[in-house]
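# 3D, please:
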Amino acid sequence: MISGRATFLLSLKRDFRETYDFYVTDEERAKMAQMGPFKKSFFSTYYMARGLFLKLTPARRLVVLMAAFLAWGGLSGDGGESFLAFLILLFLLGLELKDKTVAKDELQEGRAVQLAIMPVTNPSLPGWELWFHSSPANDVAGNLVDYLELDENRLAVTLGDVAGKGLAAALLAAKMQATIRAIAPDEDDLSKRGAKLNRIIRRDGLPDRFVSLIHLDLTANSGRVSFINAGHHPPFIIRENGLESLDRGDPAIGLSSDVSFKSTTLDLRENDLMVIYSDGVTEARNEIGRFYSDERFTDLIQFTHGVSGRSLGDRILESVEDFVRSARPSDDLSLIVLRRLPR
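Residues are numbered from 1 along each chain as shown. So this is what the prediction gives:
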């Protein structure tokens, strides 16, 4: 059991680390790596203060300089200037908190819309058990977990991961979802479906944004799975005789105009499982910055043949949560577990 004091210290340490990561650039960190402890502590404070100052608007930078000038003058005066400097900084802090609160409210509204267009229940298809999970690292998610009934016997399933996080990633994920839902019912060929999706994202997306994607079709009462892998982690197949890792796929969606996608088909036997995951699983980090890792993940799932999809999904989430403990999520975490049901 962690004491309240230890929890407070861990939270304080985490907040400092996140503040440091936000305000100090990679170039500045590289410079400090060559410094001694005293010099490094001085420059880390300087870089954080400079980073904070430069993120203010020009008008608010001027207010900070005015407060600093008054505070300096107050050192040799009766203290009135220092008190005025304190009030100015308090006013500036109020403005920053107001901006953050407004932005937070807007992100929460965006998250509500995002949740409204995402599946709220696991899909149902005869002969299959399907279990879905997605949780955001921040207020909105850049991951996409979705399904679409193509007809009464076929289901399209998607797990996508937009490069980056935040609002821009969430908007692109929503566009991906809408585009897939628009083109999938009219295009049975998965390779052509992927090519059409890529053309649309290249045409309408942002130049520095791309999406890794697993998109597959399932047929009722059949163990056959057809899918394309656009730059995503290869799914794992859990068979009776062990764990099978599939080959890496084609480039991510939106990365290049001149790309084709190869459709792969495989057969799952009774009680075989297919695990599709985002890097929010294997790259989850604990309080000291260590990654959950691919090895820990494969060790967890390799001897789980025959368990239900829900049981395996819950086992993965519990393992990641136990590893991360009190650290804030470092990335969106998404999972899809498919199980071929016994006849």
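# how near is Pro185 to Asp217?
Using Cβ to Cβ, to the nearest Å, Pro185 is found at 12 Å from Asp217. C-beta coordinates here come from the backbone N, C-alpha and C atoms, glycine included.
# which element is Phe53 on?
Here Phe53, judged by DSSP states H and E, is contained in helix 37-55.
# now do that helix: which elements does it pack against?
Contact analysis of helix 37-55 by 3 or more Cβ pairs under 8 Å, 6 or more residues apart in numbering; DSSP states H and E lists helix 4-23, helix 26-32, helix 58-74 as its packing neighbours.
# thinking again about what came up before, quick check: neighbours shared by Pro185 and Asp217?
Residues touching both Pro185 and Asp217 (Cβ atoms under 8 Å, 6 or more residues apart in numbering): Leu150.
# more crowded one of the two?
Between Pro185 and Asp217, Asp217 has the larger neighbour count (other Cβ atoms under 10 Å), namely 21 against 13.
# can you give me the strands for the stretch 101-250 of the chain?
Taking DSSP state E, counting those that start in this stretch as the test, the strands found in the stretch 101-250 of the chain are 128-135, 143-151, 154-162, 211-219, 224-230, 236-239, 242-245.
# would JSON lines of the ones you listed with mean pLDDT be doable?
Output for the strands of the stretch 101-250 of the chain, formatted as JSON lines (pLDDT from 0 to 100):
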{"stretch": "strand 128-135", "mean pLDDT": "93"}
{"stretch": "strand 143-151", "mean pLDDT": "91"}
{"stretch": "strand 154-162", "mean pLDDT": "93"}
{"stretch": "strand 211-219", "mean pLDDT": "94"}
{"stretch": "strand 224-230", "mean pLDDT": "95"}
{"stretch": "strand 236-239", "mean pLDDT": "95"}
{"stretch": "strand 242-245", "mean pLDDT": "88"}
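# which one of those strands lies closest to Tyr47?
Closest approach to Tyr47 among the strands of the stretch 101-250 of the chain is made by strand 154-162 (29.7 Å; Cβ to Cβ).
# quick one: the closest one to strand 143-151, angle?
For strand 154-162 against strand 143-151, the angle by axes from the mean of the first three to the mean of the last three Cα atoms, to 10 degrees is 160 degrees.
# can you name every helix or strand that strand 154-162 contacts?
Looks like strand 154-162 contacts strand 128-135, strand 143-151, helix 167-183, strand 211-219, strand 333-340 (3+ Cβ pairs under 8 Å, 6+ apart).
# try it again at 7 Å.
If you count contacts as 3 or more Cβ pairs under 7 Å, 6 or more residues apart in numbering; DSSP states H and E, strand 154-162 packs onto strand 143-151, helix 167-183, strand 211-219, strand 333-340.
# pull out the buried positions in the first one.
With burial defined by 16 or more other Cβ atoms under 10 Å, the residues of strand 143-151 counted as buried are Asn143, Leu144, Val145, Asp146, Tyr147, Leu148, Leu150.
# of all the helices and strands packed on strand 154-162, which lies closest to Leu84?
Among the helices and strands packed on strand 154-162, helix 167-183 comes nearest to Leu84, with 37.6 Å by Cβ to Cβ.
# any idea how far the closest one is from the chain center?
Distance of helix 167-183 from the chain centroid (Cα atoms, centre = their mean, to the nearest Å) equals 15 Å.
# and for stretch 57-74?
Between the centre of stretch 57-74 and the centre of its chain there are 38 Å (Cα atoms, centre = their mean).
# in that stretch, what's buried?
Using 16+ other Cβ under 10 Å as the test for burial, stretch 57-74 gives Val63, Val64, Ala67, Leu70, Ala71, Gly74.
# report the contact partners of the third one.
Looking back up the chat, that one is Ala67. Ala85, Ile88, Leu89 (Cβ atoms under 7 Å, 6 or more residues apart in numbering).
# nearest to Arg202, of the residues you listed?
Lowest distance from Arg202 to the contacts of Ala67 (Cβ to Cβ) belongs to Leu89, with 47.3 Å.
# now the closest one, what's its secondary structure?
What DSSP: H, G, I helix; E, B strand; the rest coil gives for Leu89 is helix.
# burial of it, as a residue count?
Other residues near Leu89 number 17, with proximity taken as other Cβ under 10 Å.
# with the one 10 residues further on instead?
For Asp99, the number of neighbouring residues by other Cβ under 10 Å comes to 12.
# how much space between Ser171 and Ser256?
I think there's a mix-up here, since residue 171 is Leu and not Ser. For Leu171, the distance to Ser256 - Cβ to Cβ - is 21 Å.
# dump the C-alpha coordinates for stretch 299-319 into CSV.
The C-alpha coordinates for stretch 299-319 follow below in CSV (Å, rounded to 0.1, in the frame of the first residue of the first chain):
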residue,chain,number,x,y,z
ASP,A,299,4.7,-13.4,-22.6
LEU,A,300,1.3,-12.4,-21.3
ILE,A,301,-0.8,-13.6,-24.3
GLN,A,302,1.1,-16.6,-25.7
PHE,A,303,-0.5,-19.3,-23.6
THR,A,304,-4.1,-18.0,-23.7
HIS,A,305,-5.6,-20.2,-26.4
GLY,A,306,-9.2,-21.1,-25.6
VAL,A,307,-9.9,-18.2,-23.2
SER,A,308,-12.7,-15.8,-24.1
GLY,A,309,-12.0,-12.6,-26.0
ARG,A,310,-13.3,-10.6,-23.0
SER,A,311,-11.1,-12.5,-20.5
LEU,A,312,-8.0,-11.9,-22.6
GLY,A,313,-8.8,-8.2,-23.2
ASP,A,314,-9.4,-7.7,-19.5
ARG,A,315,-6.2,-9.5,-18.7
ILE,A,316,-4.2,-7.2,-21.0
LEU,A,317,-5.7,-4.1,-19.6
GLU,A,318,-5.1,-5.2,-16.0
SER,A,319,-1.5,-6.0,-16.8
